[in-house]
Every structure is written in structure tokens, then in C-alpha cells.
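K.L.:
this is a predicted model, with the sequence first.
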Amino acid sequence: MSGGDEPRSYYVGMDVGTGSVRAALVDQRGTLLAFADQPINQWEPQFNHHEQSSEDIWAACCVVSKKVVQGVNLHQIRGLGFDATCSLVVLDKQFRPLPVNREGDSHRNIIMWLDHRAVSQVHRINQTKHSVLQYVGGVMSVEMQAPKLLWLKENLRETCWDKAGHFFDLPDFLSWKATGVTARSLCSLVCKWTYSAEKGWDDSFWKMVGLEDLVTDNYSKIGNQVLPPGASLGSGLTPEAAKDLGLPPGIAVAASLIDAHAGGLGVIGADVKGHGLACEGQPVTSRLAVICGTSSCHMGISKNPIFVPGVWGPYFSAMVPGFWLNEGGQSVTGKLIDHMVQGHAAFPELQAKAKARRQSVYAYLNSHLDLIKKAQPVGFLTVDLHVWPDFHGNRSPLADLTLKGMVTGLKLSQDLDDLAILYLATVQAIAFGTRLIIEAMESAGHSISTLFLCGGLSKNPLFVQMHADITGMPVVLSQEVESVLVGAAVLGACASGDFASVQEAMAKMSRVGKVVFPRHEDKRILEGYENISSRV
Ligand SMILES: Nc1ncnc2c1ncn2[C@@H]1O[C@H](COP(=O)(O)OP(=O)(O)O)[C@@H](O)[C@H]1O
Ligand SMILES: O=C(CO)[C@H](O)[C@H](O)COP(=O)(O)O
């Protein structure tokens, strides 16, 4: 590695979330030197159909990439890594976008991860009880790719399915766009497409569910070359992509990761010495990375496969090489908080007051809760108000897409106090959801002592404190708030050859920032919530 006077090496990390694309310029110690973000479009042509555009997303990548390298000596940039949501991108045989909608709008060529259109398809897939389902928590999620492919075949045969040449997970689309290499990442194929790191594709699964045409041409449409995350792709960045992104041609481009997995790499390997944490001196398997954005993803690793009912995986080498991964999840967390707050009658008043104080609505709500709780612990405010947070089904541990949300204890009041308390109850419900996932993982054999949080919601101190209080575990926040981008940069750093392994890069590039310990005075909220949960 470069020392004292040697020029610093930089990596560009690119994170495509649900709502925006973010890029960062990161050095070999994991420090963010520049950051830029750009919103991306989403379409919801009908309920539970969520679509995006790969051209729109690539254009946003180009904007943010050019911004973060402004004024930098381009020769110092050694690698590029992408992560993205696991949405399904559809291209024809000439790599042009194909419509995933009945309107025939080919600009909208992505079925987003949170799209629940393929309910009948996933039901039939689960009825097969095929052995690959053991590796997705026992039940396939409607958010995975096989049901979405089957939906396209059954509903858009002529306009999409028959013309399709390439189905990409969004992280793999981005690495293809940058390099021209169609190889897929082991991460996306193992986690969302039923590929096995040890045995490859299982022909019998695809034949059994009615997608035998993918087997016939040797999986060329969904990937028959598979690389570990962080492996260098082809000859690096193509001249065309280099021009688009404002980066030097030929720099190393890594095989990608799904966004939650990049967040995991960005936080889980940090040196925790001196912070008084139970995970100090313990194996990395005692750490749970929780990536909280539009959704929350709970990433726990183990040396041997652990089968946790309702929790995705075990996936071999899908995040940290050589380790099995279990991935719990809550499909909507940030999106649920936004939904509850923005839908309340007092939201316009909240917006106006927050604006007057130049605060975000969440910072305003947090200080308003401090004001109304007076001397009581914040938990007492929600003794009579409870939220069941499965407004978009339950990903883990119940694995039931039909579940709906619920609020009990509503009154006629619609003022700002009422909104603040509803917001608090929502945050608490999400934290309880995390606790249920941890309990399921522990009863199956995981032993977790410490949470490592990142993603947009980790910027909310109330969300972080509630996760500590309700799980009873300390929450570690990274020095770099944008830890998912550090994970993407870890990929670029590995592809450049500057680190010998993903493990080495993640240990050197992630650092502990703040630690939030649980407070034990809020016992009554737990009792109140548990009473409600047991009745549901
Ligand atoms: N400073 C903040 N305070 C409170 N909540 C925040 C903050 N920043 C982002 N969020 C919440 O985080 C969520 C988005 O997180 P993000 O990681 O950007 O999502 P994604 O990766 O899915 O695009 C939103 O629901 C938003 O309300
Ligand atoms: O299924 C996923 C990870 O396995 C999705 O990519 C994720 O849930 C969406 O991520 P985000 O909330 O960060 O937009």
C-alpha cells in the first residue's frame, strides 16, 4: 500500500438505491473525499407494480461520477465498484431496453425489487417444494427474480419475453454497462436467482417452474459466467463508459454486489478495539450488519450453513468470501416511516415548522418528542398506540407476502403531538421487527452480540436508539455515514489489486464511529408491544 509521500490511490464507489444514485471518491483507508447523489425515477403504473429505467439510472450514475472526481488527478483513480438494489433489468438481443409493462413503454424496462406483481407465480413456485427453496429460507419471496421472469413469460410473451436477450440483476447490468462483460456476480445469482456457489444452476428447478427455455440455451440470458464480488472484469472500463462517467478508460471494474451486501462489507469488518463491545476479540460471526434504507436488511454470517426458517439463505460466499450468509429483511422501513408521516393530517404543519427551523421533518419530530415526553422515558408515550409494520407483507421471519399493516389505539386527535407519537410507534415497531429476526436467527444457531447499522435511516438518532433499546444490543455506527459506498469502494479496491482479498480491504477500509448502547428503562413499551404482537 502507498505510505507517506507516495500518491494516494482512490476508488469510486457507486450505490444505486431505491430512491437515488450515490457516488463517492474513497481512499485506501476508507475515507470519503467526495460525495454526490441524484434522485432516480420510479413508476407505479398500478398497485404493487414498481418500475424503473436502466437508461435513467445510468444517466444518474454519469452525473454523480463526474461530480465526485472533479479536480482530482484521474491517474490516482484505480478502481470502480457498483452496488445496487436487486431489481430485474430486461434488454433485447442487441442490449436495448424492453418494456416490462402492458403499455409497451420500453423506457420502463426494470421490475423493481419491491414489485409484488408475481404473486400467483411465486405461489406456484413454492408449491413445487423444490430443494433450491431450502436456500432461500424455505419459501421463495415474490421479490426474487424467478417469479418475475415467469410473470413476464405468462403476461408479456410477445412484447418482452420472446424478444429478450438478457435478464440482469441491476448490479450486474451496471458492471456490464461499464465493461461490456456480461458475467454475473455470485452475489446476485446466489441470493436472487437460485444459483448455487457449489453446484451451479439446477436445471430441474427451472424446468419444474415452467422456465425450461432458460436452460435450453445454457442460461445465456440469465448468466453462465459467474465471478466472485470484487473480481476484476474483462479489460476494465471501456472507452465509451469512461467518457460517460468522466473516469479514465481501462481502470479496474469489479464484479458487483447487491446494495445491502455492500453495506455489510462497509461495516462488518471494522476494528472495534477499545469501544467496550462484546464482539471485541470474538469471531466476526457475532456481528449483524443492518442496512436500513427504503427497506432494512439483516446480514449475519457463519462458518457453516445455518437454515433459518423465513430468513433468506444460507448463501455461500455471497457477501464475505468463505462465509455463509443469512439475510433477514423488512420490505418497507424507511418507506413506511415516510408513508406514516406524510399521510398524517398534521404533515403540512410539520413541514412548515421544520422548514422555519431549517431542520428535516425527522429532526423536528425527534426534538418534538423530547419536548412532549417531559421527564418520562420516550417509550411511555406509546403504551396505548401500536403499529404492526407489515404494510408490504412480511419478508422475515414470517415470510408471508399477504400480511398487511395495522395501527391500534387511534384517537380522534390529529395534531402534531399525535403525528409525533405515531411516528415513534412506527419506529418502535420496525425495531421490534428486527428483534424478531434476530430471535429467529439465534434459535437456528447464530450467536449475535452487536449490531452494525448503516443506510439512510442510520442518520436518524431515534431509529438507532430504538434499535439498541428494543434488541438490547449495542449499535455501532461507522465513521463514514455512507458506509454502503465504502462497501462499493472495497470492491473497486479489490479489483484494482491493491488488496489481496475482500477481507483485507474491508478490515482496512471500515472504521467505527459512534457506539449507541441500549437503555434499559423502557421496559413497559416491550410489554405493551408484546401483548399486541401475541394477539395478531
Ligand atoms: N437524515 C435523515 N434522518 C432521518 N431519516 C432519513 C435521513 N436520511 C434518510 N432518511 C430516511 O432513509 C430512507 C432512505 O434511505 P436510503 O439509504 O437513502 O434509501 P435507498 O438506498 O433505499 O434509496 C428514507 O426513508 C428517509 O426517510
Ligand atoms: O432485496 C434487497 C437486498 O437483498 C434489496 O436490494 C433491498 O431490500 C432494497 O434496498 P434499499 O432499501 O437499500 O433500497
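P.N.:
Sure thing, it's come through. Ligands and ions are numbered 1, 2, ... in the order given.

K.L.:
pull the longest helix from this structure.
P.N.:
helix 416-443 (DSSP state H).

K.L.:
how far off centre is that one?
P.N.:
Here the centre of helix 416-443 is set off from its chain's centre by 18 Å, with C-alpha atoms, centre = their mean, to the nearest Å.

K.L.:
hmm, residue 15 and residue 484 touching each other?
P.N.:
Yes - here residue 484 reaches residue 15: they are 4.8 Å apart, a contact under C-beta atoms under 8 Å. Yep, even glycine has a C-beta here, placed from its N, CA and C like the rest.

K.L.:
which residues are in contact with both of these two?
P.N.:
Taking C-beta atoms under 8 Å, 6 or more residues apart in numbering as the contact rule, residue 484 and residue 15 both touch 22, 83, 259, 262.

K.L.:
which of the residues you listed sits closest to residue 434?
P.N.:
Distance to residue 434 across the shared contacts of residue 484 and residue 15 (C-beta to C-beta) is lowest for residue 259, with 17.9 Å.

K.L.:
which non-adjacent residue is nearest the closest one?
P.N.:
The shortest distance from residue 259 to any non-neighbouring residue, by C-beta to C-beta, 6 or more residues apart in numbering, is to residue 83 (4.7 Å).

K.L.:
just residue 39 next, same as before
P.N.:
Nearest non-adjacent residue to residue 39, counting by C-beta to C-beta, 6+ apart: residue 20, 4.9 Å away.

K.L.:
now that neighbour: how far from ligand 2?
P.N.:
9 Å (C-beta to the nearest ligand atom, to the nearest Å).

K.L.:
hmm, back to that, and the first helix or strand past the longest helix of the chain going along the chain, how far out from the chain middle?
P.N.:
Sequence-wise, the next helix or strand downstream of helix 416-443 (DSSP states H and E) is strand 450-454. Centre-to-centre, strand 450-454 and its host chain are 14 Å apart (C-alpha atoms, centre = their mean).

K.L.:
you'd agree residue 274 is in a helix?
P.N.:
No - secondary structure assignment places residue 274 outside any helix; it is coil (DSSP: H, G, I helix; E, B strand; the rest coil).

K.L.:
give me the neighbour count for it.
P.N.:
8 (other C-beta atoms under 10 Å).

K.L.:
ok, now the one 3 residues further on?
P.N.:
Residue 277 sits with 20 neighbouring residues when counted by other C-beta under 10 Å.

K.L.:
not counting its neighbours along the chain, what's nearest it?
P.N.:
The nearest residue in space to residue 277 (C-beta to C-beta, 6+ apart) is residue 450, at 5.4 Å.

K.L.:
so what sits opposite that neighbour in the bridge?
P.N.:
Beta-bridge partners of residue 450, counted by DSSP bridges, are residue 287.

K.L.:
surely it touches residue 288?
P.N.:
Yes - assessed by C-beta under 8 Å, residue 450 is found in contact with residue 288 at 7.3 Å.

K.L.:
which one's more surrounded, the two?
P.N.:
Neighbour totals were compared for residue 450 and residue 288, and residue 288 leads with 27 against 21 (other C-beta under 10 Å).

K.L.:
what pLDDT does residue 528 get?
P.N.:
The model reports residue 528 with a pLDDT of 57.

K.L.:
start the count at 801, not 1, going forward
P.N.:
Yep, numbering from 801; the last one is residue 1328 now.

K.L.:
correct me if wrong: residue 1150 contacts residue 1167.
P.N.:
No - using C-beta under 8 Å as the test, residue 1150 is too far from residue 1167 to be in contact (11.8 Å).

K.L.:
in terms of neighbours, single out the busier of these two.
P.N.:
Taking other C-beta under 10 Å, residue 1150 and residue 1167 do not tie; residue 1150 has more neighbours (21 against 13).

K.L.:
distance check, residue 1123 against ligand 1.
P.N.:
For residue 1123, the distance to ligand 1 (C-beta to the nearest ligand atom) stands at 24 Å.

K.L.:
can you give me the pLDDT of that residue?
P.N.:
The model's pLDDT for residue 1123 equals 97.

K.L.:
tell me the contacts of it?
P.N.:
Residue 1123 is in contact with 1084, 1085, 1101, 1102, 1103, 1117, counting by C-beta under 8 Å, 6+ apart.

K.L.:
these, buried ones only, as a ChimeraX selection?
P.N.:
In ChimeraX syntax, the buried subset of those is picked out as below (16 or more other C-beta atoms under 10 Å):
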select :1084,1085,1101,1102,1117
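
K.L.:
close to ligand 2: what parts of the stretch 801-950 of the chain are there?
P.N.:
For the stretch 801-950 of the chain, the residues in contact with ligand 2 (C-beta under 6 Å from any ligand atom) are 817, 818, 885, 886, 913, 943.

K.L.:
surely the second one is in a strand?
P.N.:
Spelled out, it's residue 818. No - Residue 818 is assigned coil when assessed by three-state DSSP, not a strand.

K.L.:
all strands for the stretch 901-1050 of the chain, in order.
P.N.:
With strands called from DSSP state E, counting those that start in this stretch, the stretch 901-1050 of the chain shows them at 910-911, 964-969, 984-985, 1026-1027.

K.L.:
so where is the stretch 1151-1300 of the chain shaky, pLDDT-wise?
P.N.:
Applying pLDDT under 70 to the stretch 1151-1300 of the chain flags the ranges 1175.

K.L.:
just want the residue of it that's nearest ligand 1.
P.N.:
For the stretch 1151-1300 of the chain and ligand 1, the shortest gap (C-beta to the nearest ligand atom) falls at residue 1256, measuring 2.2 Å.

K.L.:
what number of residues lie near that residue?
P.N.:
So residue 1256, with other C-beta under 10 Å, has 21 neighbours.

K.L.:
touching, it and residue 1091? I think so.
P.N.:
No - Residue 1256 lies out of contact with residue 1091 (C-beta under 8 Å); the separation is 9.7 Å.

K.L.:
for residue 1137, which non-adjacent residue is closest in space?
P.N.:
Nearest non-adjacent residue to residue 1137, counting by C-beta to C-beta, 6+ apart: residue 1226, 5.5 Å away.

K.L.:
next up, the contacts around that neighbour.
P.N.:
1136, 1137, 1140, 1187, 1189.

K.L.:
what lies in contact with stretch 1001-1009?
P.N.:
Contacts of stretch 1001-1009 (C-beta under 8 Å, 6+ apart): 924-925, 928, 930-932, 946, 950, 994-996, 1012, 1014-1015, 1019.

K.L.:
most neighbours among these, please name it.
P.N.:
residue 925 (26 neighbours).

K.L.:
touching stretch 1137-1149 from outside, list them.
P.N.:
Contacts for stretch 1137-1149 (C-beta under 8 Å, 6+ apart): 1132, 1150, 1161-1162, 1165, 1187, 1191, 1214-1216, 1218-1219, 1222-1223, 1226-1227, 1230, 1257, 1263.
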